[in-house]
Every structure is written in structure tokens, then in C-alpha cells.
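**Q** Take this sequence and fold it.
(one chain, ligands or ions: 2)
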Amino acid sequence: MRRAAVPGMMGATAGRDSGKGAWDVRLTILGGGGFRVPLVYGALLTDRGEGRVTEVVLHDLDADRLHAVSRVLAEQAAGTPDAPRVSTTTDLDEALGGADFVFSAIRVGGLSGRADDERIALAEGVLGQETVGAGGIAYGLRTVPVATDIARRVARLAPDAWVINFTNPAGLVTEAMSRHLGDRVIGICDSPVGLGRRLARVLGADPREAFVDYVGLNHLGWVRGLRVAGRDELPRLLADPALLGSFEEGRLFGPDWLRSLGAIPNEYLHYYYFNRETVRAYQEAERTRGAFLRDQQARFYEEALRPDVSALDAWDRTRAEREATYMSENRETAGAGEREAEDLSGGYEKVALALMRAIARDERTTLILNVRNSGTLPTLDADAVVEVPCMVDANGAHPLATDPLPAHAAGLVGAVKAVEREVLSAAESASRATAVKAFALHPLVDSVNVAGRLTDGYIAAHPGLAYLK
Ligand code: G6P
Ligand code: MN
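**A** Residues are numbered from 1 along each chain as shown. Ligands and ions are numbered 1, 2, ... in the order given. A predicted model of the protein is given here:
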């Protein structure tokens, strides 16, 4: 598929694509037919400033999905005369040429792959979540080779582009890409921001003025402090059971456990601290999260292509349902009830936009991002990708100095990073034995025999794992 020609001036940054003007900022989205692309486009539409993204190139392997998402974006853009131009392509190299920013938000194996990841793990009595435990390893094993290929192509075709990785498991995938792109790839996640926002809200602070001392790996981090005007407000929260019961993580983990930890964990740590209960809840659920999303999204993509349907309305309905049911099994086991209305709007697209603005316009800001450690956490080597507060400017994301993690957290982070390293080396060496080692070393997989059966089960289910010999 050729990219449609776009009007614009020729100029110094025109590069290999003749359609790009000197003042154009081009964002290429890999996984451009993905469900969350309209969130990103919606955020771009709110950006009126100079240096904003003027051109969006959507790349996907599936032309129908591209078409469906383009219909949503066209409805979103109606009424905004200078909305970023949108084009689509199924040719990866063409999508990358001339890109200033590349968002990578792909899902290797699709949502049916995610459902298989869950099913195979749960049958062995272990967790199959897309980023945590056995499921995260399986998903990582099939995503790393694809992400590595993308990183190599970006290095060749768009060496000055900044790559923003949303692809899960985001920390591991960012580390795989950083081996080819160095600090030009930055991983993002909205869960630390969401947590920081909730904590600020509960403490009556303005989230923009709060510094959230959050440290760890992606989906494996802790808030150890929340400073407003130089004062740490977290002790006030930990001392107050009513305040602790008034937000998502407080209800998930319970006040006693939070006080014992002296920190507020990322919601994904619920799978660790309450592993038995979450595994059982997922086993007993009518459908796993992946299976639910697989069916829900199949309906959306079908609907969005129907000429008599507003693709934007269909997308909005689907999104609302997806957000309302996020982590519902975890909330159920904890008796945490429904999500708060304020928590339903995500924030993923806001992190992405804030990051691009800071880089493109040198608007210095602090964001929690996935970057190479470079000495920030003393128990990990310099190249390990960690999730920490970073100062961002035109030169990229620079991790801020932080206090060391307490031993229990450093231990977990070290164990999971070691597993990620086994996944990276299994992908590089195409070794089944190394894949088994990755599963077996994970703190949530309790037997080497289970690890062997998981590896065989996943290889049998996923064509994307046939490379493991
Ligand atoms: C959170 C996580 C993301 C995840 C998203 C959607 O924001 O941080 O990594 O992709 O939720 O989860 P879902 O279960 O709806 O796919
Ligand atoms: Mn995430």
C-alpha cells in the first residue's frame, strides 16, 4: 500500500519522503490499526502549539484494521481544520522513512495469542497475565524478535527518530530495542502516573506539583514518597486508614499490608502479593481478560467497518467497557468494588504526548519512564531498563538519582530482571533450554517441570515461537 501524497513544503527535513515539509513533524505509529490509536490521535488534536505533530503515519499488518481505525480518526478530526494528516501503509520501511517519532504499539499474535498465553498458564496453575509471570514471558519470547527487527530498521532508516515503546511487556521490549537504539528508545506506561495522580488526589495535592518517588521495573514498582513543596506526604496517607481505603491500590492491597511495606505498590504487584487468589480468580472467571478483549475487539472491528455505523461511537462504547472491566478479577478478590470514575480515562496518551512535547520543544519536565538504568539502581547494571522518574528535554530522558530500594523490593526486581535477561538471550540464541530457564527462574513459577511444560505448550500454540529449538 502506498502512502497517499500529502501537501506540504519541501525543506531541509524532507529526507527520503518527498511529501514532507520543513515544518512537518511526523509521527509513525506501528500497530496503527490498534484499538488505542484514537486515544493518541485525540491527544494530538488537543495540541495547538508550535512544533506539534502535523502528520501521522499508521502502519499495521492488517489493512482492515487500518481502515477501521482511520474511520474513527476521521470522525475525531471533523471540525478541526488543521488536524494532523493521517495516512496508512502496510509497508514497514515506508512507514519508518522520514519519521521524527515512532510509537511502537504492536501485539504479536494478537489478542487470541494473549488469550492462549493465559489459558496455557492457568492450566498449569500459574499466572498468564500479559506482562506478569509465565504469560509475560511467553508474550516476551514472541515479541522480542519482532521488536528487535523494528529497532534495527529504525536505526537504519530513521536514525534520528525517537522511539516511544508502548508494546508490552514494555520494560523488556524497551530493553531489547535499546540494544540497537541506545537511549533513543523510551518505554512508557500509564500505571505509575495513574497511581501518582490517585495519591495526589487523596492527599489533596495538585498532581502537577507533586514529585512521585516511584522506582522499579515496568509493572513492578513502588511509590516510596510523594513530595509536595519539599515535604513527604506519604507518611500522612499511611497513617490514615480512611484515606488508605479511598483509592484503588489502597483497596487492592489493604491498609495493613501497605503500612507493613511502608510504600504503595503498582497495581500489578497484586499478582505477586496475592498470587494464589489472583490465579484462582482467573481460573474461575468465565473468560480471561485476553479472551474477553479478543471477543470484544472482534465485534468492534466488524462494527467500525459498517457504513451505517459511527465508527467513533462504536469505539467509545467499546473503550468505556474495556476500562470499566480493567483488572476486575483482582478487584473482586480484594473486595475493592468498582473503579472510580476519575480512573477510567487512562492517561497513556497523555504520557506519550507530554514526552513528545518535552523532546520536540525542549520543554523540560519530569515523567516516570522506562530507560536504561545508568547507575540509578545500584543493584542492576547500567544497561538494564528500569522504570524511574526522569528529567526529559530535547536530549531525551535522563533518570533522576534515587534512594536504593529496600531489600525485599531489590530482590524481586533483581529476580525479574534476571528472567528478562534469559528471555532476551533465548530470543537471540533461539534456545528452548534458555526459554525453560526463563520460566523456571520466575518467582511466580514454582517448578522446573512446570517451566518445561509451559515452554512446550506455548511453542505448540504459537507459530511465533517456532524459532525455539
Ligand atoms: C494499563 C497497563 C498497560 C495495559 C493497559 C490495558 O494501562 O499499564 O500496560 O496495556 O492497562 O490493559 P488491558 O487489560 O485493558 O489490555
Ligand atoms: Mn503498562
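
**Q** Check the offset of stretch 75-93 from the chain's centre.
**A** Relative to the centre of its chain, stretch 75-93 is centred 23 Å away, using C-alpha atoms, centre = their mean, to the nearest Å.

**Q** The helix ranked longest in the chain close to ligand 1?
**A** The longest helix of the chain (DSSP state H) is helix 133-157. No: judged by C-beta under 6 Å from any ligand atom, helix 133-157 and ligand 1 are separated, with a smallest distance of 10.7 Å. (Each C-beta comes from the backbone N, C-alpha and C, glycine too.)

**Q** Show me which residues of the stretch 301-450 of the chain sit near ligand 1.
**A** Counting by C-beta under 6 Å from any ligand atom, the residues of the stretch 301-450 of the chain that sit close to ligand 1 are Arg322, Tyr326, Tyr348.

**Q** Would you format those as a markdown table with pLDDT, distance to Ala397 and secondary structure included?
**A** A markdown table is the format used below for those (pLDDT from 0 to 100; distance: C-beta to C-beta, whole Å; DSSP: H, G, I helix; E, B strand; the rest coil):
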| residue | pLDDT | distance to Ala397 | secondary structure |
| --- | --- | --- | --- |
| Arg322 | 95 | 29 | helix |
| Tyr326 | 94 | 27 | coil |
| Tyr348 | 87 | 17 | helix |
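
**Q** Closest one of the residues you listed to Arg184?
**A** Nearest to Arg184 out of those is Tyr348 (C-beta to C-beta; 20.6 Å).

**Q** Am I right that Ile106 sits in a strand?
**A** No: the assignment for Ile106, made by DSSP: H, G, I helix; E, B strand; the rest coil, is coil rather than a strand.

**Q** okay, the residue lying closest to it once chain neighbours are set aside: pLDDT?
**A** Counting by C-beta to C-beta, 6 or more residues apart in numbering, the nearest residue to Ile106 once its immediate chain neighbours are dropped is Gly31, at 4.0 Å. As predicted, Gly31 sits at a pLDDT of 98.

**Q** which residues does Gly31 contact?
**A** Gly31 makes contact with Val37, His59, Asp60, Phe103, Ser104, Ala105, Ile106, Arg107, Thr167 under the criterion C-beta atoms under 8 Å, 6 or more residues apart in numbering.

**Q** Can you select the buried ones among those residues for me in PyMOL?
**A** Isolation of the buried members of the contacts of Gly31 (16 or more other C-beta atoms under 10 Å) is achieved in PyMOL through the command below:
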select buried, resi 37+59+60+103+104+105+106+107+167
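
**Q** export the contacts of Gly31 to JSON lines and tack on distance to ligand 1 and pLDDT?
**A** Compiled in JSON lines, these are given as follows (distance: C-beta to the nearest ligand atom, whole Å; pLDDT from 0 to 100):
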{"residue": "Val37", "distance to ligand 1": "13", "pLDDT": "98"}
{"residue": "His59", "distance to ligand 1": "19", "pLDDT": "98"}
{"residue": "Asp60", "distance to ligand 1": "17", "pLDDT": "98"}
{"residue": "Phe103", "distance to ligand 1": "13", "pLDDT": "98"}
{"residue": "Ser104", "distance to ligand 1": "13", "pLDDT": "98"}
{"residue": "Ala105", "distance to ligand 1": "9", "pLDDT": "98"}
{"residue": "Ile106", "distance to ligand 1": "12", "pLDDT": "98"}
{"residue": "Arg107", "distance to ligand 1": "9", "pLDDT": "98"}
{"residue": "Thr167", "distance to ligand 1": "9", "pLDDT": "98"}
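
**Q** For the closest residue to ligand 1 within the chain, which non-adjacent residue is spatially closest?
**A** Closest residue of the chain to ligand 1, C-beta to the nearest ligand atom: Ser191 (3.9 Å). Distances taken as C-beta to C-beta, 6+ apart place Asn266 nearest to Ser191, at 5.6 Å, with adjacent residues excluded.

**Q** Was I right to think the one you found contacts Leu217?
**A** No: with contact defined as C-beta atoms under 8 Å, Asn266 does not count as touching Leu217 (9.5 Å).

**Q** Looking at these two, which is more packed in?
**A** Using other C-beta atoms under 10 Å, the more surrounded residue of Asn266 and Leu217 is Leu217, with 27 against 22.

**Q** From what I see, the more buried one and Val419 are in contact.
**A** No: proximity of Leu217 to Val419 does not meet the contact threshold set by C-beta under 8 Å, at 10.4 Å.

**Q** With Asp100 as the reference, measure out to the residue nearest to Ser191.
**A** Going from Asn266 to Asp100 by C-beta to C-beta, to the nearest Å gives 31 Å.

**Q** returning to what we had before: buried only: go through the residues of the stretch 301-450 of the chain next to ligand 1 for me.
**A** By 16+ other C-beta under 10 Å, those give Arg322, Tyr348 as buried.

**Q** any chance of the residues of the stretch 301-450 of the chain next to ligand 1 in TSV, plus distance to Thr89?
**A** Below are those laid out as TSV (distance: C-beta to C-beta, whole Å):
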residue	distance to Thr89
Arg322	27
Tyr326	31
Tyr348	24
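
**Q** Closest one to Val450 out of the residues of the stretch 301-450 of the chain next to ligand 1, please.
**A** Nearest member of those to Val450, counting by C-beta to C-beta, is Tyr326, at 27.9 Å.
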